[in-house]
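Participant: Pasting the sequence and the predicted coordinates here, then a few questions.
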Amino acid sequence: MVSNEQRRRQLAREKYLRQQQRRETARHKSRQRNVVIAAVLAVVLAGGGAVAATGALSGKDKDKKDDAASSATPSAAPTSKAPDPCAKEAKAVAGKKPKKMSWKKEPAVTIDKSASYTMKLETTCGDISVTMDAGKAPHTVNSFSFLAGKGYFDHTKCHRLVNQGIYVLQCGDPQGTGAGGPGYTIPDENLKDASIKGGKYPAGTVAMANQYNPQTKKGRNTGGSQFFLVYKKSDLPPDYTPFGTVDKAGMKVLSKIAGAGAAPPDQTMNTAPNASVVINKATVGKS
């Protein structure tokens, strides 16, 4: 016959084991969640293709700086479907597709490096104007001038919105998958700019996506056509060429897009904006 004291000890052991099991389950879920977050953020700024899976911001414990953004939030992206504030405008241009273009090498630099240029993005959610500094990022500004002049960005959708950990809208891929590009790459520029000192990209910053992997130190100078617009200050290592600043009216457009939220990650780990953001026309000219 089991005494009261033995029964009490048995119940205490069972309670302890249940607590340990719950803690282990919680730790396992936390690890899985962090892997998902890291994967989403890893893909967000990678220029495309298979490299994206191990690209920028792929978090590991030893890479504390790169892991900061991925561990800052409890989930990779909200899963609720918010109303589309740009649906009417998107419907009006439905059916228009981007042109398929590709070049073997970067175009020759022909812009005036002493001048400022403005890129105007006429989108289904409103116009966004970006002031670009040709002196600090001549290859980047020249490439955008070239591509916009060819109509490369016309009718392309902004395929990714991140609103957890970092706060960016990513555009510039005619494929709309995060894997597209112009066929050539451009060098990294302006990575020591004072505006991104300390690993913080201020709201309004426009920067290049790339395939740089901070863990392997590989993937420098892999910018193509994809770029991201920062709508809220974001903690990011200074690995992405900052080349422009969004105007006040454009920031209101970005706020509207961000306010609609993002869809859950798809099979490519994209978190598409709920807003139908399509660049109807992109133009670049001297300011």
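Facilitator: Cool, got the structure. Residues are numbered from 1 along each chain as shown.
Participant: For the chain, which segments count as strands?
Facilitator: Using DSSP state E, the strands of the chain run over 116-123, 126-133, 156-157, 160-164, 166-171, 200-201, 205-208, 227-230, 234-235, 242-246, 278-286.
Participant: just so I know, which of those lies nearest residue 93?
Facilitator: Shortest distance between residue 93 and those, using C-beta to C-beta, is found for strand 278-286: 6.0 Å. Placement of C-beta: from N, CA and C, glycine included.
Participant: Could you tell me the angle between that closest one and strand 166-171?
Facilitator: Between strand 278-286 and strand 166-171, the angle comes out at 90 degrees (axes from the mean of the first three to the mean of the last three C-alpha atoms, to 10 degrees).
Participant: CA atoms of strand 278-286 as CSV?
Facilitator: Output of strand 278-286 as CSV, limited to C-alpha atoms (Å, rounded to 0.1, in the frame of the first residue of the first chain):
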residue,chain,number,x,y,z
VAL,A,278,2.2,48.0,-59.3
ILE,A,279,4.7,50.5,-60.9
ASN,A,280,2.8,51.8,-63.9
LYS,A,281,5.7,54.0,-65.0
ALA,A,282,9.2,54.8,-63.8
THR,A,283,11.1,57.8,-65.0
VAL,A,284,14.5,59.2,-64.1
GLY,A,285,15.7,62.8,-64.7
LYS,A,286,17.9,65.5,-63.3
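Participant: that older thread, out of the strands of the chain, which comes closest to residue 150?
Facilitator: Here strand 278-286 is closest among the strands of the chain (C-beta to C-beta), at 10.1 Å.
Participant: Contacts for the closest one, please.
Facilitator: For strand 278-286, contacts defined as C-beta atoms under 8 Å, 6 or more residues apart in numbering pick out 90, 93, 96, 112, 115-124, 132, 141, 144-145, 147-149, 152-158, 171.
Participant: buried ones in that strand?
Facilitator: Along strand 278-286, these residues count as buried under the neighbour rule (16 or more other C-beta atoms under 10 Å): 278, 279, 280, 282, 284.
Participant: Can you tell me which of those residues lies closest to residue 136?
Facilitator: Nearest member of the buried residues of strand 278-286 to residue 136, counting by C-beta to C-beta, is residue 284, at 15.9 Å.
Participant: Which residues does that closest one form beta bridges with?
Facilitator: residue 119 (DSSP bridges).
Participant: State the distance from it to residue 210.
Facilitator: 20 Å (C-beta to C-beta, to the nearest Å).
Participant: State the distance from the nearest residue to residue 282 once chain neighbours are set aside to residue 23.
Facilitator: Spatial nearest neighbour of residue 282, chain neighbours left out: residue 153 (3.8 Å); criterion: C-beta to C-beta, 6 or more residues apart in numbering. Here the criterion is C-beta to C-beta. By it, residue 153 lies 50 Å from residue 23.
Participant: Those two: which has the busier surroundings?
Facilitator: Applying other C-beta atoms under 10 Å to residue 153 and residue 23 shows that residue 153 carries more neighbours, namely 25 against 10.
Participant: quick one: contacts for the residue nearest to residue 209 when sequence neighbours are not counted?
Facilitator: Residue nearest to residue 209 in three dimensions, not counting chain neighbours: residue 226, with 4.0 Å by C-beta to C-beta, 6+ apart. Residue 226 makes contacts with 47, 48, 170, 171, 172, 173, 178, 180, 181, 208, 209, as judged by C-beta under 8 Å, 6+ apart.
Participant: thought residue 221 was touching residue 188?
Facilitator: Yes - the criterion here is C-beta atoms under 8 Å, and residue 221 meets it with residue 188 at 5.5 Å.
Participant: Those two: who's more crowded?
Facilitator: residue 188 (21 against 14).
Participant: next one: stretch 179-195 to chain centre, how far?
Facilitator: Stretch 179-195 sits 14 Å away from the centroid of its parent chain (C-alpha atoms, centre = their mean, to the nearest Å).
Participant: gap between the two ends of that stretch?
Facilitator: One end of stretch 179-195 sits 28 Å from the other (C-alpha to C-alpha, to the nearest Å).
Participant: Buried residues of it, list them for me.
Facilitator: Quick answer for stretch 179-195 (16+ other C-beta under 10 Å): 179, 180, 181, 182, 185, 186, 188, 189, 190, 193.
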